[in-house]
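Student: sharing a model prediction with you, sequence too.
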Amino acid sequence: MTLPKFDEYKERSYEENLHVLNQNKIDEYKFKWQEKVFSTHEFQKYSDPYNCSTETEMKYHEMIKDPNVKPQKVFTYLDEDYHLPLPIFEKKNKLASIRKLNACFEKLNINNIGSFKNDSTSVVHLFKSQENISGDEQWMTMHIVLDNSEYNEKSQILFKQECNLLSLRHNVTKNYLIVLPDVNNLQFNPYNIEDGDSTLGYEYGVEIDFGREETGEDSEELLNNLFKKWEKKKRRLLSFLMPPQGMKKTFVTFEIVSASEFEMDNLYIDFQIKISDDITVNGDRKGRTHVSKSSRTEDDDKWSYGHVLELELEYAIGIEISPLKIILEAISVDWWGRHRTEGYSCLTLTLEPGEYKQILSCSRPEELDIVEAESRRFFVGGCHLIKDLDVLINPQLHEANFRYVSSGKISVLWRTISQTQSSVSHTYLPDTSTDLLKGAEAVLKQYKKAKATLAAATKSLTKLEDQ
């Protein structure tokens, strides 16, 4: 945002100054799907054919020869640029695909290559579709990036800095689109461009316009119009609640996914979260999942939970924060109603933004005497040897008169995002320019008053010198 100079402000009216501020407010960039826009660094690189080694780079070299192609502050990376990795999803039917592949190769015989054309698991059918072998899905990507690099007078790069603004990932196989970040409204909930813990002073909004096929169906056109109206209403209703200045908010979504390899059935997971005193927490620090019965898998029993826990943490910027400690206890319930400990596990949960998945190994405490331990567990379900769960966090600081026995495993998944308030004032709200100009008018009046007072004092001082 560029403020008008004092002389220019005097010469223009209030409406003209407001128009100038509005002109300096927003830069709009429009991109089509898989449209290549070059940054200054790319433009210099691909201009020289000796820097182009692949077919894609040679194609970019030919594109740059067009005089209408100019480098832009906001540019794009296409699918063939391989800018960021594709999203990774679990392959649920991996074992089934391997078995199908092995069955096909068992039927492969050089003497009867064409004898199994009607077999659904034949090699002929197998090699017609790569999806039957690996289950891989085809993706197309596009990324919109801000070029915040520094260049010299000859447009040679001095310091390279690129900030990803928008990532579009289209699943061609199943025909759906992943948009990161989501569509928003520039006036009500703008995104800040950050580089680590600092902000660059830019805010931006995202809008996506999907093309429609000319089908001539009134119902489809009506649904598309209703969807657009709903999207506009949602953008106005949703707004970001920014943390206070100097504070950072971290949102953690923790999920207990499943358990496996335990001896007893009817399992539930009890959890406790240890958080340092310098962090303000909003959310449950302790709780338990539902009781789950085992479901037989390919190799072992499995207990499914999908228990989700949400935490909102707030702490000061610049201080060193201790990671969260989550203590998990697997407990079984037998037909007598006895609750027995099947294993403990302690997870150190980092607050770094991202998505994480981990399989935790559990162990349970037992008496040093093996015969006594097994007898007590068989007849009464064992005993609680750990009175304070802090022993699991710092076991080296406690003397234990028991041993640990490996038991089962617990699968967990968590996602973390952080949010800080930009030190740059928001200049995109409609009333900001009006308030700024009113403030400038007040300053101008005070300046005129002070100038008149100074002139009067100078005049009186001149008269005294003459006398």
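Tutor: Everything's here; your move. Numbering: from 1, shown residues only.

Student: got the contact list for Arg169?
Tutor: By Cβ atoms under 8 Å, 6 or more residues apart in numbering, the contact set of Arg169 is Leu86, Pro87, Trp139, Met140, Thr141, Leu177, Ile178, Leu180. Quick note: C-beta positions are derived from backbone N, CA and C, even for glycine.

Student: swap in 10 Å and give it another go.
Tutor: Applying Cβ atoms under 10 Å, 6 or more residues apart in numbering to Arg169 gives the contacts 79, 84, 86-87, 139-143, 176-180.

Student: using PDB, write out the CA atom coordinates for stretch 162-169.
Tutor: Provided in PDB are the C-alpha atoms of stretch 162-169 (Å, rounded to 0.1, in the frame of the first residue of the first chain):
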ATOM      1  CA  GLU A 162       9.700 -18.700  -3.400                       C
ATOM      2  CA  CYS A 163       6.500 -19.000  -1.400                       C
ATOM      3  CA  ASN A 164       3.900 -21.500  -2.400                       C
ATOM      4  CA  LEU A 165       0.500 -19.700  -2.500                       C
ATOM      5  CA  LEU A 166      -1.800 -22.500  -3.900                       C
ATOM      6  CA  SER A 167      -1.500 -26.100  -4.800                       C
ATOM      7  CA  LEU A 168      -4.000 -27.900  -7.100                       C
ATOM      8  CA  ARG A 169      -3.900 -31.700  -7.300                       C
END
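
Student: make 36 the first number, not 1, from now on.
Tutor: Shifting the count to begin at 36 puts that one at stretch 197-204.

Student: that one - what's its average pLDDT?
Tutor: In this model, stretch 197-204 has an average pLDDT of 91.

Student: touching, Glu77 and Pro106? I think so.
Tutor: Yes - assessed by Cβ atoms under 10 Å, Glu77 is found in contact with Pro106 at 7.4 Å.

Student: hang on, the earlier thing: select only the buried ones of the contacts of Arg204 in ChimeraX?
Tutor: A single ChimeraX command is used to select the members of those judged buried by 16 or more other Cβ atoms under 10 Å:
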select :114,175,176,177,178
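
Student: adding pLDDT, write the contacts of Arg204 out as a markdown table.
Tutor: Listed next are the contacts of Arg204 as a markdown table, based on pLDDT from 0 to 100:
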| residue | pLDDT |
| --- | --- |
| Asp114 | 91 |
| Leu119 | 83 |
| Leu121 | 75 |
| Pro122 | 66 |
| Trp174 | 89 |
| Met175 | 91 |
| Thr176 | 93 |
| Met177 | 94 |
| His178 | 95 |
| Tyr211 | 84 |
| Leu212 | 86 |
| Ile213 | 88 |
| Val214 | 89 |
| Leu215 | 88 |
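
Student: and the contacts of Arg204, which of them are in strands?
Tutor: Among these, the members falling in strands (DSSP state E) are Trp174, Met175, Thr176, Met177, His178, Tyr211, Leu212, Ile213, Val214, Leu215.

Student: how near is the fourth one to Leu119?
Tutor: With distances taken as Cβ to Cβ, to the nearest Å, Met177 is found 10 Å from Leu119.

Student: overlap in contacts, these two.
Tutor: Tyr112, Ser202, Arg204.

Student: which one of the contacts of Arg204 is nearest to Glu197?
Tutor: Glu197 has its nearest neighbour among those in His178, at 9.7 Å by Cβ to Cβ.

Student: residues contacting the closest one?
Tutor: His178 neighbours (Cβ under 10 Å, 6+ apart): 110-114, 116, 118-119, 197, 199-204, 215.

Student: domain parsing for the chain?
Tutor: 36-60+462-502, 129-169, 220-275, 282-455 (automatic domain parsing).

Student: which stretch in these has the least confidence?
Tutor: domain 129-169 (a mean of 46).

Student: narrow the contacts of His178 to just the buried residues.
Tutor: Buried among the contacts of His178 by 16+ other Cβ under 10 Å: 110-114, 116, 118, 197, 200-204.
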